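Q: Coordinates for the following, if possible.
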Amino acid sequence: MDGTRQGKLLLVEDEHLLRRLVAEFLRGEAFDVIEAADGLEGASLFQSHGPFDLVLLDLNLPELSGLEVCSRIKKTQPQQPVLICSAAIVEDHVATLRALDVDQFLTKPYHPLELLERITRMLPRDRRAWPADRTPATPGSPWRVAGPSPGLHARQGSVLLT
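A: The predicted structure is shown next:
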């Protein structure tokens, strides 16, 4: 890899194993990932390190809900792109998030390549091109999980992140 970064991401996810796996996967795809384990940490990291090319945000977070984190982010940076990655997206959440100009949702469980595709589509146009010596991960790529782990579900040889 030539050291070219695809973008700076804030990953706000309270499930430790899932956060670690997603961050590792995205770093392997040349993203700069800053991790937060709860809503309060996510809001704080956004304030000190933001804006980001994209914020990946769970809704069910300790300390501060994902909705509150999103609201704080959008108050200071209304144009900040946010991708909601959550298992529990209810209609009330959708209405609140759309009022904050957030309309991108990825429901858990999701496949890492689905996440990567969504991130790539949401990045600013100048961040979308892969460096000449890099291609996005493919189903046969070296990113693998050895054995069953909590938060992971196998489906026809694939790994789903939940």
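Q: So, low pLDDT: which residues of this protein?
A: 1-5, 125-162 (pLDDT under 70).
Q: For it, which segments count as helices?
A: Applying DSSP state H to the chain gives helices spanning 16-28, 39-49, 66-76, 91-99, 112-122.
Q: ok, residues contacting the fourth one?
A: Where contact means CB atoms under 8 Å, 6 or more residues apart in numbering, the residues beyond helix 91-99 that reach it are Leu59, Leu67, Cys70, Ile84, Asp103, Phe105. Bear in mind the C-beta positions are built from the backbone N, C-alpha and C, glycine included.
Q: and which of those is nearest to Leu9?
A: Distance to Leu9, by CB to CB, is smallest for Ile84 among these, at 13.9 Å.
Q: Quick check: closest non-adjacent residue to Glu114.
A: The shortest distance from Glu114 to any non-neighbouring residue, by CB to CB, 6 or more residues apart in numbering, is to Leu106 (7.0 Å).
Q: hmm, back to that, next, format the helices of the chain as TSV and append distance to Gly7 and mean neighbour count.
A: Output for these, formatted as TSV (distance: least, CB to CB, whole Å; neighbours: other CB atoms under 10 Å):
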stretch	distance to Gly7	mean neighbour count
helix 16-28	9	17
helix 39-49	13	18
helix 66-76	16	19
helix 91-99	21	13
helix 112-122	8	17
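Q: so can I have CSV of those showing distance to Leu9?
A: Formatted as CSV, the helices of the chain follow (distance: least, CB to CB, whole Å):
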stretch, distance to Leu9
helix 16-28, 6
helix 39-49, 11
helix 66-76, 13
helix 91-99, 18
helix 112-122, 7
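Q: so Phe105 sits right up against Val82, yeah?
A: No - here Phe105 lies out of contact with Val82, judged by CB atoms under 8 Å, at a distance of 10.0 Å.
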